[in-house]
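S.K.: Structure, please.
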Amino acid sequence: APTGNVGAAPSPAVPPPPAAGGGEAWYRSLPPASRSAVDAGIDAVIHGGITVAARRIFDTILQQRAATLRGTGDDKKGAGAAPPGAPAAGSGGAADPPGPTG
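M.R.: Here you go, the predicted model:
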């Protein structure tokens with residue numbers, strides 16, 4: 001019975017790298033087909049990592065933008081809004097001048 005990726009092209013047998021150090025010598029000792037397979041695997045891992053990082057950064061930017069828009073409304077609605085806990089304009093707070101008496 002076949003094992004591994006069914007339908008995938010057979011890859012040349014790649015001997016395991018040494019436990020510590022010597023990776024460059026091991027890589028240079030590989031036949032060209034094996035080096036190509038190792039290169040393709042490394043490229044795939046790097047591409048996958050970059051794709052994940054880009055998605056996370058994009059999601060973060062979208063979340064920050066959405067939070068900013070929720071916090072201030074659009075450009076016209078949120079302009080001049082008092083921060084949370086501050087007296088509203090015209091409420092007689094310390095920063096507001098007294099209102100007209102009539």
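
S.K.: What strand or helix carries Leu69?
M.R.: helix 32-72 (DSSP states H and E).

S.K.: right, I mislabeled it, should have said Glu24
M.R.: In this assignment (DSSP H and E), Glu24 forms part of helix 23-29.

S.K.: mind saving the C-alpha coords of that helix as PDB?
M.R.: What follows is helix 23-29, C-alpha atoms only, in PDB (Å, rounded to 0.1, in the frame of the first residue of the first chain):
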ATOM      1  CA  GLY A  23      24.500  21.600   7.900                       C
ATOM      2  CA  GLU A  24      26.300  23.400   5.100                       C
ATOM      3  CA  ALA A  25      28.600  20.500   4.400                       C
ATOM      4  CA  TRP A  26      25.600  18.200   4.500                       C
ATOM      5  CA  TYR A  27      23.700  20.400   2.000                       C
ATOM      6  CA  ARG A  28      26.700  20.500  -0.400                       C
ATOM      7  CA  SER A  29      27.000  16.700  -0.200                       C
END
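
S.K.: I'd like to know which elements the helix or strand of the chain with the lowest mean pLDDT is packed against.
M.R.: Ranking every helix and strand in the chain by mean pLDDT, DSSP states H and E puts helix 23-29 at the bottom, with a mean of 88. Packing partners of helix 23-29 (3 or more Cβ pairs under 8 Å, 6 or more residues apart in numbering; DSSP states H and E): none among the helices and strands. C-betas here are computed from N, CA, C, even on glycine.

S.K.: Ala54: how many residues sit nearby?
M.R.: By the criterion of other Cβ atoms under 10 Å, Ala54 has 10 neighbours.
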